[in-house]
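S.K.: model this:
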Amino acid sequence: MAKEEEKEEQTEESETKEKKSSSNMLMIIIIVVLVLIIIVGAVVAVLLMNGDGKAVEATTPQVQEQSVNTPKTRHIQNASIDNEKPLSQIGILYPLDTFTVNLKSDSGRRYLKTTISLELSSADLSTEFDAKKAVLRSTIIMILSSKTLEEVTSRKGKEKLSDQIVNALNAMITKGRVEGLFFTEFVIQ
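M.R.: The predicted structure follows:
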């Protein structure tokens, strides 16, 4: 009888050890799965942040694109772009102060900080711009603040924004015309 009780105790102990080892194994599997999920999530987030701006996550804290060009240089993202002028053909540049505006959004938490230089057709136009600088700034601020994050993050969006500002300014001036617009700083947060 003592041998039977001893066998039962050993059987119970081995069952208890098996239960503990299986629960430990289950816990290890759960931890490994959670770590893999976190790693995959991080990889997906990095890929979305490095995209061309088409897939922008609402959870990304900051999208930043900045150029450190001087007012006499042009912001060019790709040297192989066909429709860009060589630096020697760029006319008179008129630098404007930095613009900081809220972007149009439901939450109101995105803003755009940009510095712009205008390419003018003649030097006479710069005197007209000096006299009407407040009107120019107001027009540009109205256009910038009417844009959403999605509209200004892609290259096409920036080109469309540039064209819209140039057309609005050309409609306001009497002498000459604005030939181009260059973003020398462009930061979205």
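
S.K.: any chance you could map the strands in this structure?
M.R.: For the chain, applying DSSP state E gives strands covering 63-65, 92-102, 111-120, 178-188.

S.K.: Quickly list the domain ranges of the chain.
M.R.: Residue ranges for the domains of the chain, per automatic domain parsing: 1-50, 63-188.

S.K.: returning to what we had before: out of the strands of the chain, the one nearest V32 is which?
M.R.: strand 63-65 (33.1 Å; Cβ to Cβ). In this view, the C-beta of every residue, glycine as well, is placed from N, C-alpha and C.

S.K.: sorry, back to before: for the strands of the chain, which has the smallest mean pLDDT value?
M.R.: Lowest mean pLDDT within the strands of the chain: strand 63-65, a mean of 45.

S.K.: so who does the nearest residue to D124 once chain neighbours are set aside touch?
M.R.: Once flanking residues are discounted, D124 sits nearest to K175: 5.2 Å by Cβ to Cβ, 6 or more residues apart in numbering. The contact partners of K175, taken as Cβ atoms under 8 Å, 6 or more residues apart in numbering, are S122, D124, L125, E128.

S.K.: could I get the strands of the chain as TSV with mean neighbour count and distance to A168?
M.R.: Converted to TSV, the strands of the chain look like this (neighbours: other Cβ atoms under 10 Å; distance: least, Cβ to Cβ, whole Å):
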stretch	mean neighbour count	distance to A168
strand 63-65	14	23
strand 92-102	15	14
strand 111-120	20	12
strand 178-188	19	9
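
S.K.: Deepest in the core, which of the domains of the chain is it.
M.R.: Most buried of the domains of the chain, by mean neighbour count (mean count of other Cβ atoms under 10 Å): domain 63-188, with a mean of 15.

S.K.: quick check, distance from the longest helix seen in the chain to the centre of its chain.
M.R.: As assigned by DSSP state H, the longest helix anywhere in the chain is helix 2-49. Computed by Cα atoms, centre = their mean, to the nearest Å, the chain-centroid distance of helix 2-49 equals 42 Å.

S.K.: what residue ranges in the chain score low on pLDDT?
M.R.: Scanning the chain for pLDDT under 70 picks out 1-11, 13-14, 50-85, 87-89, 108.

S.K.: what's the closest of the contacts of K175 to Q164?
M.R.: L125 (19.1 Å).

S.K.: how far away is the nearest residue to that closest one once chain neighbours are set aside from D124?
M.R.: What sits nearest to L125 in space, not counting adjacent residues and going by Cβ to Cβ, 6+ apart, is G176, at 3.9 Å. Distance of G176 to D124, given as Cβ to Cβ, to the nearest Å: 6 Å.

S.K.: same check, this time on E15
M.R.: For E15 relative to D124 (Cβ to Cβ), the value is 96 Å.

S.K.: picking that back up, how about CSV for the strands of the chain, with distance to V44 added?
M.R.: Output for the strands of the chain, formatted as CSV (distance: least, Cβ to Cβ, whole Å):
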stretch, distance to V44
strand 63-65, 16
strand 92-102, 29
strand 111-120, 26
strand 178-188, 21
